[in-house]
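[1] Test case, fold it:
(chains A and B)
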Amino acid sequence: EAQVTQNPRYLITVTGKKLTVTCSQNMNHEYMSWYRQDPGLGLRQIYYSMNVEVTDKGDVPEGYKVSRKEKRNFPLILESPSPNQTSLYFCASSYLPGLDTQYFGPGTRLTVL
Amino acid sequence: AQTVTQSQPEMSVQEAETVTLSCTYDTSESDYYLFWYKQPPSRQMILVIRQEAYKQQNATENRFSVNFQKAAKSFSLKISDSQLGDAAMYFCAYRSAYIKGNTPLVFGKGTRLSVIA
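    Residues are numbered from 1 along each chain as shown, chains lettered A, B, ... in the order given. This next block holds a predicted model:
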């Protein structure tokens, strides 16, 4: 089954404790992206990747890192989480940037205390 | 930069009735895609319908159809024969068709749809 998976689905952590949210897709997509969703703000892009080893900032990249060592995986790293990073996070992928639909993972609910 | 506006934070509809959710967008591009995503309580983002800007014909998917007015930059979603399972947050989104750079989805702030039995 074609899908985007994220882990963990739920995470409660404390300020400053490094964490990684994994994202994996099995559709051989080149373009991958992370979004965060906050009430009243919709979804905003954090980082994106055009292909392996090609990543760049989206609209709200502060406090986040990403890597793309393999085509299928695109982890989101919070080196020192803070309470303002409490949010719902989505990973998404598509074959090419502007050619088709982005497919979303199930989301990760992160709470930073 | 592109923007997407959903002017109805909340809507309600009686079961089996029809409801229309509004969306307007602003862009200087001529080639792009428009989407409606549904987000039920499970939080999953589910694609409802997609429209290519170069197509004049409005997209339809079963009970879901759109009214795409390119000149007016309007993209409304019509849900016919509403069902209890249609209750969700609905997001309108825009994506550039440019293939050589970053093309994030630009989302509206959403419309929460309630379906009354």
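
[2] Quick one: the strands in the chain, in order.
    No chain was given, so I picked chain A. In chain A, the strands defined using DSSP state E lie at A:4-7, A:10-13, A:19-25, A:31-38, A:42-51, A:54-57, A:65-66, A:76-78, A:87-94, A:103-104, A:108-112.

[3] meant chain B actually
    Going by DSSP E, chain B shows strands at B:3-5, B:10-14, B:19-21, B:24-26, B:32-39, B:46-52, B:60-61, B:64-69, B:74-79, B:88-96, B:106-107, B:111-116.

[4] Quick check: which of those strands is nearest to chain A?
    Nearest to chain A, of all those, is strand B:106-107, at 3.9 Å by Cβ to the nearest Cβ. Glycine gets a C-beta too; all of them are placed from N, C-alpha and C.

[5] Mind giving me the packing neighbours of that closest one?
    When contacts are defined as 3 or more Cβ pairs under 8 Å, 6 or more residues apart in numbering or on different chains; DSSP states H and E, strand B:106-107 sits against strand A:42-51, strand B:3-5, strand B:88-96.

[6] Pull the contacting residues for residue 86.
    Going with chain A. Residue A:86 is in contact with A:110, A:111, A:112, counting by Cβ atoms under 8 Å, 6 or more residues apart in numbering or on different chains.

[7] meant chain B, my bad for not saying
    B:13, B:38, B:79, B:113, B:115.

[8] Could I get the contacting residues of residue A:57?
    With contact set as Cβ under 8 Å, 6+ apart, residue A:57 has these partners: residue A:47.

[9] Weed out the non-buried ones from the contacts of residue B:86.
    For those, a neighbour count by 16 or more other Cβ atoms under 10 Å in any protein chain shown gives the buried set as B:13, B:38, B:79, B:113, B:115.

[10] just to revisit the earlier point, can you lay out the strands of chain B as a markdown table showing distance to residue A:60?
    As requested, these are exported to a markdown table (distance: least, Cβ to Cβ, whole Å):
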| stretch | distance to residue A:60 |
| --- | --- |
| strand B:3-5 | 16 |
| strand B:10-14 | 26 |
| strand B:19-21 | 26 |
| strand B:24-26 | 20 |
| strand B:32-39 | 19 |
| strand B:46-52 | 23 |
| strand B:60-61 | 31 |
| strand B:64-69 | 29 |
| strand B:74-79 | 25 |
| strand B:88-96 | 17 |
| strand B:106-107 | 13 |
| strand B:111-116 | 23 |
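
[11] Tabulate the ones you listed in CSV, adding columns for distance to residue A:65 and mean pLDDT.
    Putting the strands of chain B into CSV (distance: least, Cβ to Cβ, whole Å; pLDDT from 0 to 100) gives the following:
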stretch, distance to residue A:65, mean pLDDT
strand B:3-5, 28, 95
strand B:10-14, 37, 97
strand B:19-21, 36, 98
strand B:24-26, 31, 97
strand B:32-39, 27, 94
strand B:46-52, 29, 93
strand B:60-61, 38, 93
strand B:64-69, 38, 97
strand B:74-79, 35, 98
strand B:88-96, 25, 94
strand B:106-107, 23, 92
strand B:111-116, 33, 97
